[in-house]
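Engineer: Fold the following for me, if possible:
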Amino acid sequence: MDAAAGSFEVEYVVTGVGVSEISYTTGLGDAGEVVVEGPRLPWRTTVRMAGAEAVPVLSVMLSEDGGRIESVIRVDGSESMRSTAAGASGTSVCVAEPCGAW
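Structural biologist: So this is what the prediction gives:
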């Protein structure tokens, strides 16, 4: 966490096969969720968040045909949460600790 700016960098990573949709938070209030349909894997993106209410969340939905994925949230370069999902229409949800915990 950048104490001077009160901000932190969040990296979302998804690997595997069979993903139909990825959604993640950007820390921008109600408009702060992005949905990516039919992403190519491996997939990753980085956002900068600030404030105690900015909570990193990564949700991954597998296709009806099934698949297997691993999703990771890193905060300022350190792994904060990891989750896996497998099977038809499986779902993985990662929620990182509130920023005050870093």
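Engineer: How confident was the prediction at residue 53?
Structural biologist: Per-residue pLDDT puts residue 53 at 79.
Engineer: Give the helix, strand or coil label for it.
Structural biologist: Using DSSP: H, G, I helix; E, B strand; the rest coil, the structure places residue 53 in coil.
Engineer: That one: how many residues sit nearby?
Structural biologist: 10 (other Cβ atoms under 10 Å). Bear in mind the C-beta positions are built from the backbone N, C-alpha and C, glycine included.
Engineer: Please apply the same query to residue 27.
Structural biologist: Counted with other Cβ under 10 Å, residue 27 comes out at 19.
Engineer: Am I right that it is in contact with residue 50?
Structural biologist: Yes: Residue 27 lies in contact with residue 50 (Cβ atoms under 8 Å); the separation is 6.6 Å.
Engineer: can you give me the strands for this structure?
Structural biologist: 7-17, 19-25, 33-37, 43-50, 57-62, 68-75, 78-86, 91-95 (DSSP state E).
Engineer: most tightly surrounded among these?
Structural biologist: Highest mean neighbour count of the strands of the chain: strand 57-62, a mean of 22 (counted as mean count of other Cβ atoms under 10 Å).
Engineer: can you pull the contacts of the residue positioned nearest the centre of the chain?
Structural biologist: Closest residue to the average C-alpha location of the chain: residue 58 at 2.7 Å, with Cα atoms, centre = their mean. Residue 58 sits next to 12, 14, 22, 23, 24, 25, 71, 73, 81, 92, 93, 94 when contact means Cβ atoms under 8 Å, 6 or more residues apart in numbering.
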